[in-house]
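this is a predicted model, with the sequence first.
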Amino acid sequence: MFRNILGGLALAISASVVSQSASAAVVPLRATGETTVEVTADLAGLGLSGAPYLDATVDASGPNPVFAFPITGGTLDPGTGAAMTEHDNSGVTLSAGSTSATVGNFVVDTAGATVDGDIIGGATDITFFTFGTPTGSGIPLLISDPLATTLTGVFGAPDLEGAEFGIANTSPTPVPLPAGLPLLAMALGSLVLVRRKPSN
C-alpha cells in the first residue's frame with residue numbers, strides 16, 4: 001500500500017513537471033527590476049511638467065527626463081518571451097499650473113504591445129500607450145486615443161494620438177522553479193519504475 005501511495009505521488013509530480021516543461025508554462029515575475037521611460041515628448045512646449053508619483057523616480061540630469069517604475073510582479077511565457085509586467089503604486093503626475101492628473105499602476109503587455117493603467121482617482125484599465133517599432137535604444141511609446149483625449153480634455157492639449165511620448169526599456173526577472181523539484185520528480189518516478197518491475 002505504501003508503494004502505491006508513493007507511486008501515485010510520483011506520477012502526479014512527474015506529470016506536473018513534464019507538463020510545465022512541455023508547454024513552457026507561464027511563470028511569475030519577481031518584484032525586482034524596473035521599467036524606465038525616457039520622455040521624448042516636448043512636455044514644456046505643451047505647457048506641462050511631469051513629476052514621479054509614489055514609488056516612481058525621475059532622473060532629470062540628461063537632456064530628457066527618465067522615469068523609473070519598479071516592477072511589482074507579472075508573468076513571463078518562456079516559450080514566446082511574452083511578458084506582462086506590473087508596476088503598482090507608481091506613476092507620473094502631469095501638471096499645468098494648478099491643474100494636474102496622475103496616471104499609474106502601469107501594466108506593460110509585450111504580447112499585446114500596449115501599456116495599460118489607471119487615472120488615479122478616476123478611470124481604470126485604460127490603454128495609455130501602444131508600441132512603435134523597437135529600436136536599439138528601446139521601444140517607442142505612442143500616445144493612445146484615450147490618453148490623447150484625456151490630455152485634450154484636462155489640459156487643452158492638441159490631439160496627440162499616435163505621437164511618441166518616450167522610449168521604454170524593461171528588465172523583468174522570472175521566479176525560478178525550485179531547484180530540487182525536477183530532481184524530486186525523477187527520484188519519485190524511479191520508485192514507480194521499481195514498483196512496476198515484475199516480481200519472480
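Looks like it arrived, so ask away.

now the element after the lengthiest strand in the chain, going C-ward?
Under DSSP state E, the strand in the chain containing the largest number of residues is strand 83-96. Downstream of strand 83-96, the first helix or strand assigned by DSSP states H and E is strand 99-109.

surely Glu86 touches Pro70?
No. Contact between Glu86 and Pro70 fails when scored by CB atoms under 8 Å: they sit 9.8 Å apart. Yep, even glycine has a C-beta here, placed from its N, CA and C like the rest.

quick check: domain ranges of this protein?
2-25+177-196, 30-170 (automatic domain parsing).

picking up where we left off before, list residues touching both of Glu86 and Pro70?
Common contacts of Glu86 and Pro70 (CB atoms under 8 Å, 6 or more residues apart in numbering): none found.

which stretches of the chain form strands?
Using DSSP E, strands in the chain cover 27-28, 34-39, 49-54, 57-59, 66-70, 73-76, 83-96, 99-109, 114-119, 126-131, 139-143, 164-170.

reformat those strands as JSON lines; add distance to Leu151, mean pLDDT and mean neighbour count.
Below are the strands of the chain laid out as JSON lines (distance: least, CB to CB, whole Å; pLDDT from 0 to 100; neighbours: other CB atoms under 10 Å):
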{"stretch": "strand 27-28", "distance to Leu151": "34", "mean pLDDT": "92", "mean neighbour count": "13"}
{"stretch": "strand 34-39", "distance to Leu151": "14", "mean pLDDT": "96", "mean neighbour count": "21"}
{"stretch": "strand 49-54", "distance to Leu151": "12", "mean pLDDT": "97", "mean neighbour count": "17"}
{"stretch": "strand 57-59", "distance to Leu151": "19", "mean pLDDT": "97", "mean neighbour count": "14"}
{"stretch": "strand 66-70", "distance to Leu151": "17", "mean pLDDT": "97", "mean neighbour count": "21"}
{"stretch": "strand 73-76", "distance to Leu151": "27", "mean pLDDT": "93", "mean neighbour count": "18"}
{"stretch": "strand 83-96", "distance to Leu151": "8", "mean pLDDT": "96", "mean neighbour count": "20"}
{"stretch": "strand 99-109", "distance to Leu151": "8", "mean pLDDT": "96", "mean neighbour count": "19"}
{"stretch": "strand 114-119", "distance to Leu151": "11", "mean pLDDT": "97", "mean neighbour count": "21"}
{"stretch": "strand 126-131", "distance to Leu151": "10", "mean pLDDT": "97", "mean neighbour count": "19"}
{"stretch": "strand 139-143", "distance to Leu151": "8", "mean pLDDT": "97", "mean neighbour count": "22"}
{"stretch": "strand 164-170", "distance to Leu151": "10", "mean pLDDT": "95", "mean neighbour count": "19"}
